[in-house]
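Peer 1: 3D model of this:
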Amino acid sequence: MRAISVPKIYFATLLYLFASAVLAQGNSSVLDRYGNLGLERVGPTIDAELAQKLLRRGNTYSNLERYEDAIVEYRKAISADPSLIEAIRNLANTYYFLERFSEAKPLIKRFIALQQQTTAGLIAAVSMIGDLERKDGNFDESINYDIRAIQLSPSNDSQVHVMANTYNNAGEADKAISIYQAGIEAMPSNGFLDRSLGRILEQEGRLEEALDAYESAALKDPDSAFYQDLVDTTKRRLGL
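Peer 2: As a prediction, this is how the structure comes out:
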């Protein structure tokens with residue numbers, strides 16, 4: 001009986017498929033091992049090319065609104081390359097969209113730490129994490145992000161008032177004062193910020209400082225009878 005002749009290309013194909021399966025299994029094993037160490041892992045890149053492929057797969061699932069599948073791929077991408085900032089950002093955004101805020105927060109902070117340039121993404125991330133920490137009552141955490149958010153968006157006075165009112169209503173007047181001071185530094189021509197600072201200072205019984213704030217507002221808007229009235233009223237209270 002003659003032996004069946006098998007083309008060499010068949011063996012080559014089998015060998016390729018076997019090697020690919022072994023490689024994939026090895027990568028999966030490594031990714032799972034590192035993935036179990038948590039998302040805050042830092043260290044050498046396992047496979048940057050693989051990380052990019054996983055990121056693209058995650059993006060595809062996200063576009064299809066298959067968010068849980070996207071999360072799996074993004075997590076693997078981060079395990080393969082802990083500094084892959086796009087995967088970190090996209091995973092954070094996915095968790096945020098799904099209102100899984102406790103999972104989003106460490107990723108947002110990690111994205112901020114890795115982002116070296118001022119971009120729209122960085123501005124949004126800083127504002128987002130400040131808001132999340134404020135809503136959770138973590139005011140010692142949120143205050144620094146809020147001040148940085150003001151510095152990154154020096155024309156956004158509405159966020160200044162939201163931040164300051166949140167702190168003040170929570171009994172954190174000193175933090176509200178710091179927010180208004182940061183706002184005034186970022187927007188030095190905005191007299192209403194001075195007036196708002198004066199209001200909280202007056203509330204806290206710091207009348208001399210409140211007078212300084214009201215006078216600053218009046219100087220910036222000399223046509224405002226309202227600001228001048230605040231100055232005159234405060235001076236009378238101080239006996240001046």
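
Peer 1: For Arg110, give its distance to Arg89.
Peer 2: Distance, Arg110 to Arg89, using Cβ to Cβ, to the nearest Å: 9 Å. Every residue, glycine included, has its C-beta placed from N, CA and C.

Peer 1: nope, Asn169 is what I meant
Peer 2: Asn169 is 32 Å from Arg89, where distance means Cβ to Cβ.

Peer 1: The two: who's more crowded?
Peer 2: Arg89 (22 against 10; other Cβ atoms under 10 Å).

Peer 1: Could I get the pLDDT score of the more buried one?
Peer 2: On pLDDT, Arg89 comes in at 95.

Peer 1: element containing it?
Peer 2: Assessed by DSSP states H and E, Arg89 sits inside helix 85-97.

Peer 1: cool, and Ile123?
Peer 2: helix 120-135.

Peer 1: And for that helix, what's in contact with it?
Peer 2: Applying Cβ atoms under 8 Å, 6 or more residues apart in numbering, the contact partners of helix 120-135 are 89, 92, 96, 101, 104-105, 108-109, 111-112, 115, 139, 141-142, 145-146, 148-149, 152-153, 159, 163, 166-167.

Peer 1: repeat for stretch 144-160
Peer 2: Defining contact as Cβ under 8 Å, 6+ apart, one finds that stretch 144-160 is touched by 118, 122-123, 126-127, 129-130, 133-134, 163, 178-180, 182-183, 186-187, 190, 192-193.

Peer 1: Among those, the buried ones, what's the ChimeraX command?
Peer 2: Here the buried members of those are turned into a ChimeraX selection, burial being counted by 16 or more other Cβ atoms under 10 Å:
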select :122,123,126,127,129,130,133,134,163,178,179,180,182,183,186,187,190,192,193
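
Peer 1: Which residues are in contact with His161?
Peer 2: Ser196.

Peer 1: between the helix or strand hosting it and helix 120-135, how big is the angle?
Peer 2: Here His161 sits within helix 157-169, counting by DSSP H and E. Using axes from the mean of the first three to the mean of the last three Cα atoms, to 10 degrees, the direction of helix 157-169 lies 20 degrees away from that of helix 120-135.

Peer 1: Rounded mean pLDDT for the helix or strand that comes right after helix 157-169, please.
Peer 2: Using DSSP H and E, the helix or strand that follows helix 157-169 in sequence is helix 173-186. In this model, helix 173-186 carries a mean pLDDT of 98.

Peer 1: Measure how helix 173-186 sits relative to helix 157-169, angle-wise.
Peer 2: Going by the same axes, to 10 degrees, helix 173-186 makes 160 degrees with helix 157-169.

Peer 1: got the angle between the helix or strand that comes right after helix 173-186 and helix 173-186?
Peer 2: Toward the C-terminus, helix 173-186 is succeeded by helix 191-203 as the next helix or strand (DSSP H and E). Going by the same axes, to 10 degrees, helix 191-203 is angled at 160 degrees with respect to helix 173-186.

Peer 1: buried stuff in helix 191-203?
Peer 2: Neighbour-count burial for helix 191-203, with 16+ other Cβ under 10 Å as criterion, is recorded at 191-202.

Peer 1: Can you lay out the residues you listed as CSV showing distance to Phe226 and pLDDT?
Peer 2: Shown next, in CSV, are those (distance: Cβ to Cβ, whole Å; pLDDT from 0 to 100):
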residue, distance to Phe226, pLDDT
Gly191, 10, 95
Phe192, 10, 96
Leu193, 14, 97
Asp194, 12, 97
Arg195, 8, 97
Ser196, 13, 97
Leu197, 15, 97
Gly198, 12, 97
Arg199, 12, 97
Ile200, 17, 98
Leu201, 17, 97
Glu202, 15, 96
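
Peer 1: nearest to Ala213, of the residues you listed?
Peer 2: Nearest to Ala213 among the buried residues of helix 191-203 is Gly198, at 3.4 Å by Cβ to Cβ.
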